[in-house]
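**Q** Structure, please.
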Amino acid sequence: MRIERCYFCSSPCYPGHGMLFVRNDSKQFRFCRSKCHRNFNKKRNPRKTAWTKAYRKTRGKEMAVDSTFDFEKRRNRPVKYDRGLMGKTILAMQKVEGIQQAREKRYFDSRMQDAKAEKKAQARAEIEKSIELLAPAVAQRDQVMRNVVDSARARIAARKKVSTKVSSGGGSSSRSDADAMLDD
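**A** Below you'll find the predicted structure:
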């Protein structure tokens with residue numbers, strides 16, 4: 001059984017899934033789902049549709065040229081079944097898949113490294129463009145922090161006064177013992 005590729009989005013079409021459109025000139029178009037078939041009927045270009053593999057490759061988001069892609073080419077020559085050959089083939093397919101994933105990861109990391117610097121530059125430009133909005137907030141931040149610290153000190157001082165009054169009153173209550181332990 002052969003796993004075909006969707007004509008529109010390049011995702012795998014497993015046996016018994018999707019649909020096959022045969023044009024009058026007997027060219028076959030296989031689609032993985034009705035979404036791809038509808039877009040094909042609307043004469044949309046897969047290279048201009050954002051969710052397709054063709055779009056991602058033309059925009060440089062995925063690798064377009066790699067030697068591992070040669071292994072995915074379709075071979076029409078029938079081969080007599082041999083158990084040893086099948087085992088070796090499966091092992092080779094797994095090795096190629098591992099190599100391909102490692103290369104894709106390196107490609108993605110190198111692409112994102114450039115994007116990180118660009119994103120930081122865009123953020124700096126945005127801040128410089130609208131600095132008048134941020135200046136009052138920064139100026140008020142110091143005042144807000146002073147207010148928070150002062151109110152926290154006032155609460156701590158109030159707790160200490162309450163705990164000293166309760167403990168000097170001579171009455172032993174569990175509440176004053178707990179407050180004294182918290183203050184220490």
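**Q** Show me the shaky parts of the protein.
**A** Residues of the chain that meet the criterion pLDDT under 70 lie in 1, 134-135, 137-139, 169-184.
**Q** ok, then the element right after the top helix by length along the chain?
**A** Assignment by DSSP state H gives helix 83-129 as the longest helix of the chain. Sequence-wise, the next helix or strand downstream of helix 83-129 (DSSP states H and E) is helix 131-168.
**Q** Of all the residues in that following helix, which ones are buried?
**A** Across helix 131-168, burial judged by 16 or more other Cβ atoms under 10 Å covers 163, 166. Every residue, glycine included, has its C-beta placed from N, CA and C.
**Q** same for it, what does it pack against?
**A** Helix 131-168 sits against helix 174-183, with contacts defined as 3 or more Cβ pairs under 8 Å, 6 or more residues apart in numbering; DSSP states H and E.
**Q** ok, so what distance separates K35 from T49?
**A** Distance of K35 to T49, computed by Cβ to Cβ, to the nearest Å: 10 Å.
**Q** burial count for Q100?
**A** Counted with other Cβ atoms under 10 Å, the neighbours of Q100 add up to 17.
**Q** Enumerate every residue touching the closest residue to it other than its chain neighbours.
**A** Once flanking residues are discounted, Q100 sits nearest to T68: 4.4 Å by Cβ to Cβ, 6 or more residues apart in numbering. Taking Cβ atoms under 8 Å, 6 or more residues apart in numbering, we find T68 in contact with 96, 99-100, 103.
**Q** give me every residue that touches F31.
**A** Shown in contact with F31 (Cβ under 8 Å, 6+ apart): 6-8, 13, 18-21, 37, 40.
**Q** quick one: which of those residues is nearest T89?
**A** Proximity to T89 was ranked across those by Cβ to Cβ; first place goes to C13, at 21.1 Å.
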